[in-house]
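Engineer: Sharing a model prediction with you, sequence too.
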There are 2 protein chains.
Amino acid sequence: MAMRTTRKQNYPEWYQNVVSEADMAENASSPGCMVMKAWGYGLWERIQRVLDEKIKETGHENYYFPMFIPLSFFQKEADHVEGFAKEMAVVTHSRLVTEDGKLKPASPLEEPLIVRPTSETIIADSFAKWVKSYRDLPILLNQWANVVRWEMRPRLFLRTREFLWQEGHTVHATYKEAEDETVKMLGVYRDFAENALAMPVIIGRKPEYDKFPGAVDTYCIEAMMQDGKALQAGTSHFLGQNFAKSANIKFVNQNNEQEFAYTTSWGVSTRLIGGAIMSHADDDGMVMPPHVAPYQIVFVPVIKKADDTPRIMEYIENIKAQLKDKTAFGEKLRIKIDNRDKPSVDKVWEWIRKGAPMVCEIGARDIENNGLMVKERIFLGQPEGKKIMKVDEFIDSVGERLVALQQIMLEKATERLHNNIRTDITTPEAFAAYFANSNEWIEDGKQGKVAFVRGKWCGDSETEEILKSMKITIRCIPFDQSGTTGKCLLTGKDATMDVIYARSY
Amino acid sequence: MAMRTTRKQNYPEWYQNVVSEADMAENASSPGCMVMKAWGYGLWERIQRVLDEKIKETGHENYYFPMFIPLSFFQKEADHVEGFAKEMAVVTHSRLVTEDGKLKPASPLEEPLIVRPTSETIIADSFAKWVKSYRDLPILLNQWANVVRWEMRPRLFLRTREFLWQEGHTVHATYKEAEDETVKMLGVYRDFAENALAMPVIIGRKPEYDKFPGAVDTYCIEAMMQDGKALQAGTSHFLGQNFAKSANIKFVNQNNEQEFAYTTSWGVSTRLIGGAIMSHADDDGMVMPPHVAPYQIVFVPVIKKADDTPRIMEYIENIKAQLKDKTAFGEKLRIKIDNRDKPSVDKVWEWIRKGAPMVCEIGARDIENNGLMVKERIFLGQPEGKKIMKVDEFIDSVGERLVALQQIMLEKATERLHNNIRTDITTPEAFAAYFANSNEWIEDGKQGKVAFVRGKWCGDSETEEILKSMKITIRCIPFDQSGTTGKCLLTGKDATMDVIYARSY
């Protein structure tokens, strides 16, 4: 029972449908903002839990800095403010008064405050106070926070004026240590995207013109959505001494000399949820990767006679009790018994739309057989997606099965990525012809009409304009360079650098 | 080795010292805001983890609503806006431009946005969309968020312009169900304060004049700080149909009639951290309740000869490995090995200042004895606070011991509370004389000079002014009323209502 709109019919509309049918989020009355509902926020909570552990394992501690940044802080780093000035929410007053029956802002602030679009400037201000000597270094911190960027074309999860994220900020004594940190955290993001979200990514460096404002180098993970477009899923910035100089983060090194420190920053956001949707959802709704699904197993009682209710519920409770100490991905299983007063078929369809990895239907006959019916979301509508199992067998195998389902999702997404990186386009003409087509949904295991092109780039600044006119972007300069020579796909000049070209979100 | 200022010398200054010496937080460059550092934010993470579980166990799900609330939403509920209008951060512009080399706000918004001081209005707006029929009710939700109230006299944790909190919001079909929810969540807060923070509280209802703006009734938990002042540690509001009427939350009831719904809201904030400090910290620094301590056990190697380092570290790692599956409060133990390059005596003092429940010192001699030295923070300086134990004995007993330490902290705080609620003050004269004294630090197990008075109140509106002039507040009308008659301690009139009078934060 496909949704109103399929991927093939209209991919952007299909995306909106999934978000709404899975009840993950909706547009808020505050323009450009979203309300994250239980199933969408539940996914974010899982992302937080898993990623937070990785961030802590790599030696970082969580802090919390104010969301208001004095305007003057942005005066200090010219590139940084230029990058963000167009999309800043500015607080100018601290109270409301009623005039002619209407509320109006009053008590103007001496200095306007910016609602953080990102926290480099205010954290650098603290680093400058805390860092005196090489003995104080490194400081490795992270914060989970909301940030604001005044997007003009908001889209749920992908681009909202307020969004949630984590931002890591570190300060180091040497160039090399800071650069290593930047690359290390990019690796943490890649592992997380692949293992927790089953979303394979290409890692690399951004071209000069697409760096984070104020960075020396920006690294990124780029994922491929089912329509062949790229989604920047996480970034890690090597900031060199830029913010250290603007905020005066100085330390005495081992030779007893004053030196500016080196900083980094790196973040992922609720945008990952958009990425997970466009990586895995199908025409029936969301498909949650088991590792991060708010519930991994949902039990739906199928009650034909009201009299059966108590024994069916007891039977289900008993199965749940037996699953108490079972684990998947090193954690206890997340189980829901859906006992709402609604027809079971409607409930099952709700959980399919939400993409719960396993929905188990249990009726009176299952009790007689000491069994249950297990439906696996990723195999919906296929014969292998519907299994009648014995309870014991289910209990013994379910943890491993969830891990296997996750693996299948990763393999499917990886196959799509690999099948859709064209490397056979070698001339500007062929390149232009390729991208003259529009993106459309890529059927599983197939090659889509337009996706990524891996090819040469000369690196000239004029190419930025060519890309803009073609509505294409360079997603990254991948870490694994071939070292070969060829023609730049934009200018036809000789070039050695491999880059990933794609349309993008 | 007491800190610069003791409780007796200057209680407010002592409080600032604890926060700073324990490295929990500091004032930010954004006026009135704070930077929560790893040890302070770590405590907040523990509070979140424990309380979030309780909130979910009682059937609530986490959502996330925008932090920007359109100004017009506040026009709808007159009491509500009156309560908050004086302390609202107002966003009026969405970009910055450079003029004469200076950054200035530009692109004024059509409608100013308020940074949420609390979210009743914007959540009611969603409730109005979601609720159609009694079948949609109740909706039980919670969010973890930052909020802003423009405090003029900020103090770290107790009162900052931006703070972190959770706010529960629910909507129900009946008056009774909503009122029961309000009281139930108050109970969750009381249990949490007592069991997780070892902070006993008095529960009751706020007098009319001190209700949440827009509420029918406000309930609260009130704790006693070591100086005898009260701290409102959490509130739960029964909102009746007030917000339902202003936001038009209507539903069709079982009799097929349109009816306004009933809502509640309830919250606790980073203020709890201030409460935990002023409940437990001593002249040597913070004392963390083991249930919520970011680390419960800290190992400090005591190295006299550099050669010993590897075997001491290995010995500690080995103890840590043996603690891997040990638990306290139903969770794995939180353990830190402090191997920083610093004198061990300095490290031990840092952990004392931070209030780690157990600090274990381990040197070469301990290896020979297969033992370790365990220092318990709450018994610092007392003979029983320093124990040499065998490793096996430590490993077997440490989980239970942490629970026992928590219990001792709760008993101590409970004893203080009980010893310092005066019930023998029965006339306005005696009452005025009692509060003519100032608060000062209450020594453990003793009665302080000024603390709480439990006595009669006539409830007349004139009493609000009397209280103000005396700088006293009615903390609550406790649930357990004696039902006796006496004289109002403010007016001398006959009265039956028992209230708690106190100075407060």
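Structural biologist: Thanks, I have it.
Engineer: gap between the residue lying closest to residue A:273 once chain neighbours are set aside and residue A:275?
Structural biologist: Using CB to CB, 6 or more residues apart in numbering or on different chains and skipping the chain neighbours, the partner closest in space to residue A:273 is residue A:157 (4.6 Å). The way it works is simple: take the backbone N, C-alpha and C, and place the C-beta from them, glycine included. According to CB to CB, to the nearest Å, residue A:157 and residue A:275 sit 8 Å apart.
Engineer: Next: residue A:41.
Structural biologist: Distance from residue A:41 to residue A:275, by CB to CB: 16 Å.
Engineer: just residue A:428 next, same as before
Structural biologist: 31 Å.
Engineer: Between those two, tell me which one has more neighbours.
Structural biologist: residue A:275 (26 against 17; other CB atoms under 10 Å in any protein chain shown).
Engineer: The longest strand seen in chain A and chain B in contact?
Structural biologist: Ranked by residue count, the top strand of chain A under DSSP state E comes out as strand A:102-115. Yes: counting by CB under 8 Å from any CB of the partner chain, contacts between strand A:102-115 and chain B involve A:102-103, A:105, A:112-115.
Engineer: what packs against whichever helix or strand comes after that strand?
Structural biologist: Downstream of strand A:102-115, the next assigned helix or strand under DSSP states H and E is helix A:120-130. Applying 3 or more CB pairs under 8 Å, 6 or more residues apart in numbering or on different chains; DSSP states H and E, one finds that helix A:120-130 contacts helix A:71-74, strand A:139-148, strand A:162-172, helix A:242-247, strand A:262-269.
Engineer: near chain B at all, the longest one?
Structural biologist: It refers to strand A:162-172. Yes: Strand A:162-172 lies within reach of chain B by CB under 8 Å from any CB, at A:162, A:164.
Engineer: same check, this time on the shortest one
Structural biologist: Yes: with CB under 8 Å from any CB as the criterion, chain B is reached by helix A:71-74 at A:71-74.
Engineer: Remind me which helix or strand the residue in the stretch 251-400 of chain A positioned nearest to chain B belongs to.
Structural biologist: Using CB to the nearest CB, the single residue of the stretch 251-400 of chain A nearest to chain B is residue A:341, 7.9 Å away. In the assignment (DSSP H and E), residue A:341 maps to no helix and no strand.
Engineer: Could you do the one 5 residues further on as well?
Structural biologist: Counting by DSSP H and E, the element that carries residue A:346 is helix A:344-354.
Engineer: what are the ranges of the helices in chain A?
Structural biologist: A:11-21, A:38-57, A:71-74, A:78-84, A:120-130, A:175-195, A:242-247, A:271-280, A:309-322, A:344-354, A:364-369, A:391-419, A:428-436, A:463-470 (DSSP state H).
Engineer: Adding distance to residue A:498 and mean pLDDT, write the ones you listed out as CSV.
Structural biologist: Output for those, formatted as CSV (distance: least, CB to CB, whole Å; pLDDT from 0 to 100):
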stretch, distance to residue A:498, mean pLDDT
helix A:11-21, 28, 97
helix A:38-57, 29, 98
helix A:71-74, 36, 94
helix A:78-84, 27, 89
helix A:120-130, 30, 98
helix A:175-195, 18, 98
helix A:242-247, 28, 97
helix A:271-280, 24, 98
helix A:309-322, 52, 97
helix A:344-354, 40, 97
helix A:364-369, 56, 95
helix A:391-419, 16, 98
helix A:428-436, 14, 96
helix A:463-470, 15, 96
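Engineer: tell me the most buried of those?
Structural biologist: helix A:271-280 (a mean of 25; mean count of other CB atoms under 10 Å in any protein chain shown).
Engineer: other SSEs contacting that helix?
Structural biologist: Going by 3+ CB pairs under 8 Å, 6+ apart, helix A:271-280 lies up against helix A:11-21, helix A:38-57, strand A:230-240, helix A:391-419.
Engineer: For chain B, find the nearest of those.
Structural biologist: Closest among these, using CB to the nearest CB: helix A:38-57, at 3.8 Å.
Engineer: Can you tell me the centre-most residue of chain A?
Structural biologist: residue A:272 (1.4 Å; CA atoms, centre = their mean).
Engineer: Pull up the gap between that one and residue A:164, please.
Structural biologist: Applying CB to CB to residue A:272 and residue A:164 gives a distance of 10 Å.
Engineer: cool, residue A:458 as well?
Structural biologist: Distance from residue A:458 to residue A:164, by CB to CB: 39 Å.
Engineer: who's more crowded, the two?
Structural biologist: Using other CB under 10 Å as the criterion, residue A:458 and residue A:164 rank with residue A:164 on top: 20 against 17.
Engineer: How about that one, nearest residue that isn't a chain neighbour?
Structural biologist: Closest to residue A:164 by CB to CB, 6+ apart is residue A:270, at 4.8 Å.
Engineer: So the one you found is in contact with residue A:36, correct?
Structural biologist: Yes: contact criterion CB atoms under 8 Å: residue A:270 and residue A:36 qualify, at 7.4 Å.
Engineer: Quick check: neighbours shared by these two?
Structural biologist: Here residue A:270 and residue A:36 have A:44, A:164 as joint contacts, going by CB atoms under 8 Å, 6 or more residues apart in numbering or on different chains.
Engineer: what comes into contact with stretch A:311-318?
Structural biologist: With CB under 8 Å, 6+ apart, stretch A:311-318 has contacts from A:299, A:301-303, A:337, A:339, A:362-364, A:366-367.
Engineer: Using PDB, write out every CA atom in that stretch.
Structural biologist: C-alpha atoms of stretch A:311-318 as PDB (Å, rounded to 0.1, in the frame of the first residue of the first chain):
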ATOM      1  CA  ARG A 311      -4.300 -14.100  27.100                       C
ATOM      2  CA  ILE A 312      -2.900 -12.500  24.000                       C
ATOM      3  CA  MET A 313      -1.600  -9.600  26.000                       C
ATOM      4  CA  GLU A 314      -0.100 -11.900  28.600                       C
ATOM      5  CA  TYR A 315       1.500 -14.000  25.900                       C
ATOM      6  CA  ILE A 316       3.100 -10.800  24.400                       C
ATOM      7  CA  GLU A 317       4.200  -9.500  27.800                       C
ATOM      8  CA  ASN A 318       5.800 -12.900  28.400                       C
END
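Engineer: Now for the residue of the stretch 251-400 of chain A closest to chain B, how many residues are close by?
Structural biologist: 5.
Engineer: Quick one: neighbours of the spatially closest residue to it that is not a sequence neighbour, just the number.
Structural biologist: Closest residue to residue A:341 apart from its sequence neighbours, by CB to CB, 6+ apart: residue B:135 at 7.9 Å. Residues lying near residue B:135 (other CB under 10 Å) number 13.
Engineer: partners of the longest strand of chain A, with directions?
Structural biologist: Paired neighbours of strand A:102-115 in the sheet (DSSP bridges): strand A:68-70 (antiparallel), strand A:90-99 (antiparallel).
Engineer: Check the offset of that strand from the chain's centre.
Structural biologist: Mean C-alpha position of strand A:102-115 versus that of the full chain (CA atoms, centre = their mean, to the nearest Å) differs by 34 Å.
Engineer: Stretch A:68-87 now?
Structural biologist: 25 Å.
Engineer: Could you do stretch A:408-421 as well?
Structural biologist: With CA atoms, centre = their mean, you get 17 Å for stretch A:408-421.
Engineer: which outside residues touch that stretch?
Structural biologist: A:194-195, A:198-200, A:202, A:223-224, A:226, A:228, A:279-280, A:287, A:289, A:378, A:442, A:444-448, A:451-454, A:500.
Engineer: can we see that at 7 Å?
Structural biologist: Defining contact as CB atoms under 7 Å, 6 or more residues apart in numbering or on different chains, one finds that stretch A:408-421 is touched by A:194, A:198-200, A:224, A:228, A:279-280, A:289, A:378, A:442, A:444-448, A:451-452, A:454.
Engineer: Restricting to C-alpha, output it in CSV.
Structural biologist: What follows is stretch A:408-421, C-alpha atoms only, in CSV (Å, rounded to 0.1, in the frame of the first residue of the first chain):
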residue,chain,number,x,y,z
ILE,A,408,21.8,-5.6,4.4
MET,A,409,20.7,-2.0,4.5
LEU,A,410,24.3,-0.9,4.4
GLU,A,411,25.1,-3.2,1.6
LYS,A,412,22.2,-2.0,-0.5
ALA,A,413,23.1,1.6,0.0
THR,A,414,26.8,0.8,-0.7
GLU,A,415,25.8,-0.9,-3.9
ARG,A,416,23.8,2.1,-5.0
LEU,A,417,26.7,4.4,-4.3
HIS,A,418,29.2,2.3,-6.2
ASN,A,419,27.0,1.7,-9.2
ASN,A,420,26.4,5.4,-9.5
ILE,A,421,29.8,7.0,-9.5
